[in-house]
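A.B. asks: after the sequence you'll find the predicted model.
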Amino acid sequence: MIQFKAAGAALTFIALLAFQIVTPAYFLPPDAVIVADYQGHTNEHAAPELFCEPGGSRDYALTISEVRWEVAPGQFFTAWTFNGAIPGPTLCGYEGEALQVEITNRLDRTVEFSVSPAGAPDAVAVATVASGEMYVLALEALPAGTLVYSDAAGGIVHGLYGAIVIYGADEPLVDHDIVVFEDEFAPPVTDGNDYFAVLNGKAYPLNPHYIFALDEEVRFRMVNIGSEYHTFHIHGHVWLDGRGNSNDNEVLAPGEAVDGLVQMREPGSWMYHCHIYDHIAGGMTAMLTVLPAGFEGDPVAFCRYGGAQ
């Protein structure tokens, strides 16, 4: 069992960092979760992976319920979730479209469903959903960008949040579009004394490991949904944020959000993490892999074994 708050977590991170200093080719433990969204992309760039295509259905269903959530290997707590996951599914639309969201509340408490632009305090839509009830919410005229849906009545600390992506008319196309929530889970929510700092609801090594082809462009939509300051740092790469700044370590206050465009130009496996030590010790570190030019093998095997298969 991994105790992230203990000294072993610090040693784990030091080992990870040492690997990164010596070589980017760090290989994953067997229980690491790999997001195998590579899908045969080449340097000629296959069709971009967006959260939704123009003209598709904008009808969504969200079910709010308790689950036993594995936040780290072998460590569980009772979480409140949308559709059984933290974060909930990413909803999507295009500027000017209307979204319809069917919300079913299976908790034994009322949920104040709220939608707001990421990093903004004011909600653009709210709905009160009592225990056992279903509510259909129409979302119209949402602003382009990243929005957050959540429970404004205290459910965020239990995991009740997710993203809505609204593409603007002049949205630049990218090869991959990714939302990353930074958060913390702490007692009494965690059913004990453990503290976890998480990326998309999971601590290392269960948080997402992404695979990209060389030279792909990736948009990271970074949201600090937690109550503490976090940073977002990617080894081996820099990004352009929405303010036109080049950066490799963005600081996000609680509730703050920023988008970053990253050109994946350095082959190998690289860390991305928060730079605050307690958050690293709590599990807020993960990996991404950039496949070398002309790669034709198994990308998952490349992550685990350095391309031996």
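C.D. replies: That came through, no problem. Predicted, not measured: the structure shown is a model, and the values here were computed from it. Numbering: from 1, shown residues only.

A.B. asks: so for residue 154, what's the pLDDT?
C.D. replies: With respect to pLDDT, residue 154 scores 94.

A.B. asks: my bad, residue 117
C.D. replies: 93.

A.B. asks: over to residue 110?
C.D. replies: Residue 110 is given a pLDDT of 97.

A.B. asks: now swap in the one 3 residues further on and tell me
C.D. replies: Each residue has a pLDDT score; the one for residue 113 is 98.

A.B. asks: make sure it is indeed in a helix.
C.D. replies: No. Using DSSP: H, G, I helix; E, B strand; the rest coil, the assignment for residue 113 is strand, not a helix.

A.B. asks: before we move on, which element is the closest residue to it other than its chain neighbours in?
C.D. replies: Spatially, and ignoring its direct neighbours in sequence, residue 113 is nearest to residue 127 (4.4 Å; Cβ to Cβ, 6 or more residues apart in numbering). Placement of C-beta: from N, CA and C, glycine included. Using DSSP states H and E, residue 127 sits within strand 125-129.

A.B. asks: residues making contact with that strand?
C.D. replies: With Cβ atoms under 8 Å, 6 or more residues apart in numbering as the test, strand 125-129 has contacts from 64, 103-105, 110-115, 135, 137, 139, 152.

A.B. asks: how about the helices in the stretch 201-309 of the chain?
C.D. replies: Using DSSP state H, counting those that start in this stretch, the helices assigned to the stretch 201-309 of the chain run over residues 277-281, 299-305.

A.B. asks: and these as a markdown table, adding mean neighbour count and distance to residue 209?
C.D. replies: Shown next, in a markdown table, are the helices of the stretch 201-309 of the chain (neighbours: other Cβ atoms under 10 Å; distance: least, Cβ to Cβ, whole Å):
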| stretch | mean neighbour count | distance to residue 209 |
| --- | --- | --- |
| helix 277-281 | 19 | 17 |
| helix 299-305 | 19 | 6 |
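
A.B. asks: so which of the ones you listed gets nearest residue 81?
C.D. replies: helix 277-281 (22.2 Å; Cβ to Cβ).

A.B. asks: list the residues that contact the residue lying closest to residue 227 once chain neighbours are set aside.
C.D. replies: The shortest distance from residue 227 to any non-neighbouring residue, by Cβ to Cβ, 6+ apart, is to residue 254 (5.3 Å). By Cβ under 8 Å, 6+ apart, the residues touching residue 254 are 224, 226, 227, 228, 229.

A.B. asks: ok, and the most crowded of the residues you listed?
C.D. replies: Within the contacts of residue 254, residue 224 tops the neighbour count with 27 neighbours, counted by other Cβ atoms under 10 Å.

A.B. asks: who does that residue form a beta bridge with?
C.D. replies: residue 182 (DSSP bridges).
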